[in-house]
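**Student:** here is my input; please provide its structure:
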Amino acid sequence: MLRSLICGLSVLIALPLWAAEIDVAPGPGSLANAIAGASPGDVLTLRPGRHEGAVIIDRPLTVTGSHEAIIDGMSNGTAVTIDAADVTLRGLTVTGSGMSNKDLDAGIKILKKADRAIVEDNRVLGNLHGIDVHGGHDAQVRGNIIEGTRNPRMNDRGNGIYVWNSPGTLVEGNSVRWGRDGIFSNASRTGTYRDNLFRDLRFAVHYMYTNNSEVSGNVSIGNHLGYAIMFSNQVIVKDNLSLSDISHGVMLNYANNADVSGNLVRGGADRCTFIYNAHKNLIVGNRFEGCNIGIHFTAGSERNVLTGNAFIANRTQVKYVGTRDIEWSFEGRGNYWSDHPGFDLGGDGIADSVFRPNDLMDHILWSQPAAALLTGAPAVQLIRWAQSSFPATLPGGVVDSFPLMHAPEFAVSSEYTQMEAEAVANRDESDLNDFDVNDLATH
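**Tutor:** Sure thing, here's the model as predicted:
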């Protein structure tokens, strides 16, 4: 706290006692000349029209205007580069970046030591990467509309918001559409990514090596994957929506000590949730509905707590292949299972019978998919009857000793429901082949 106060006072002392307001007309070189002639703390107001980039803001300034004021990078590198602390970029349209993924061309880039940048209420359109927070601490990216490229190959597009090694970044209230990932956070920490809308992307939120941070209140609609938390520790993933995402709703891949709570995943994903080699996570109060697999649990994930969740109308509620029992309840409270024909004679909201969401035939079908042809055969039904009558014949697997009688409910606005319906109706089946969740070679 003291250090922050000292830094803030230092900035105030360094700035002049008054700030000039500079009117900037559109035209070649006018914005670059205005920046070069400005003093720290000045406010540059851009008139409507096209302002030629690429430009570098190398001193503490506020650059503002209306959305009719367009900074055009002229397809040359990054349109606006912020290379000084305490810069604000507000209310503009930024377009025309280069298209070099090697150079991370972007609409707006915040460099190392360009701390406390504020990028808000801008329209960032048609750039390779939208906003690249590349080393600056405590950046705020708020309320922007970001629309990326629509390259036929999704993996060749850029990210809406790219956060690299930028602790303390706040990404809030943005709308991100097209491009590759909505937010790609890599090698960072203590970030907060909340209340954003993501559509028509590969991943809505993609974490790699990002620790002690929060993903909350976001909405992912019609993306290939909702929230991918990979190689990251102590992440809070709460109160998010994944609506008709294609492959996964929530993925924990080598993610430990996460709090995954209050999320809704619904509508046709291959797996609502995928937990792979992820340990000591709290997964509570989520609703997983209408997926091919409710939760795929694999690779020796240990010491996770699952309680208060709802698994509703998934074709397979749980996919787990193992030789020992795993208890999915905590302190006498389990999860809700739509296919559990339980009774609650005591009226305490807990079913009177233990529930096992997978059996021996499930194990056979998962390991030998061709066996699905025998699903309705009398021999298969006989095996399932024997297992229900003689529990000792059941293999190892998930056990819920205290299944719930009622599922948590989640409200989804009519606006998001309409977007979800449009995403499903407009889905191009040919695009589905341009995605491999295991292809992490490009970010």
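
**Student:** roughly how far apart are the closest residue to I118 other than its chain neighbours and E68?
**Tutor:** Taking Cβ to Cβ, 6 or more residues apart in numbering, and ignoring the residues beside it in sequence, I118 has T88 as its nearest neighbour in space, at 4.3 Å. For the C-beta atoms, the positions are set from N, CA and C on the backbone; glycine is no exception. T88 sits 19 Å away from E68, taking Cβ to Cβ, to the nearest Å as the criterion.

**Student:** which of these two has more neighbours?
**Tutor:** Using other Cβ atoms under 10 Å as the criterion, T88 and E68 rank with T88 on top: 19 against 14.

**Student:** I'd assumed T64 was in contact with the more buried one.
**Tutor:** Yes. Using Cβ atoms under 8 Å, T88 makes contact with T64 at a distance of 7.3 Å.

**Student:** all the helices of the chain, residue numbers only.
**Tutor:** Along the chain, counting by DSSP state H, helices occupy 2-14, 30-37, 360-367, 378-389, 414-425.

**Student:** residues contacting the residue nearest to I118?
**Tutor:** Residues near T88 by Cβ atoms under 8 Å, 6 or more residues apart in numbering: 61-64, 117-120.

**Student:** my guess is G136 contacts A117. True?
**Tutor:** Yes. Because the distance of 5.5 Å satisfies Cβ under 8 Å, G136 is recorded as touching A117.

**Student:** what sits in contact with each of these two?
**Tutor:** What both G136 and A117 touch, as defined by Cβ under 8 Å, 6+ apart, is the set 82, 110.

**Student:** could I get the buried residue list for stretch 327-338?
**Tutor:** Residues 328-329, 333-337 are the ones in stretch 327-338 that count as buried (16 or more other Cβ atoms under 10 Å).

**Student:** end to end, how far does it reach?
**Tutor:** Distance across stretch 327-338, first residue to last, is 18 Å (Cα to Cα, to the nearest Å).

**Student:** contact partners of that stretch?
**Tutor:** 305-313, 317, 350, 355, 357, 398-408.

**Student:** how about a cut-off of 7 Å?
**Tutor:** Outside stretch 327-338, the residues within contact range by Cβ atoms under 7 Å, 6 or more residues apart in numbering are 305-313, 317, 355, 357, 398-404, 406-407.

**Student:** repeat that for stretch 162-171.
**Tutor:** So stretch 162-171 is contacted by 129, 132-141, 161, 183-193, 196 (Cβ under 7 Å, 6+ apart).

**Student:** how much space separates the closest residue to N314 other than its chain neighbours from N151?
**Tutor:** Spatially, and ignoring its direct neighbours in sequence, N314 is nearest to G294 (3.7 Å; Cβ to Cβ, 6+ apart). To N151, G294 is 34 Å away according to Cβ to Cβ.

**Student:** the two: which is more packed in?
**Tutor:** Counted by other Cβ under 10 Å, G294 and N151 do not tie: G294 has more neighbours, with 30 against 16.
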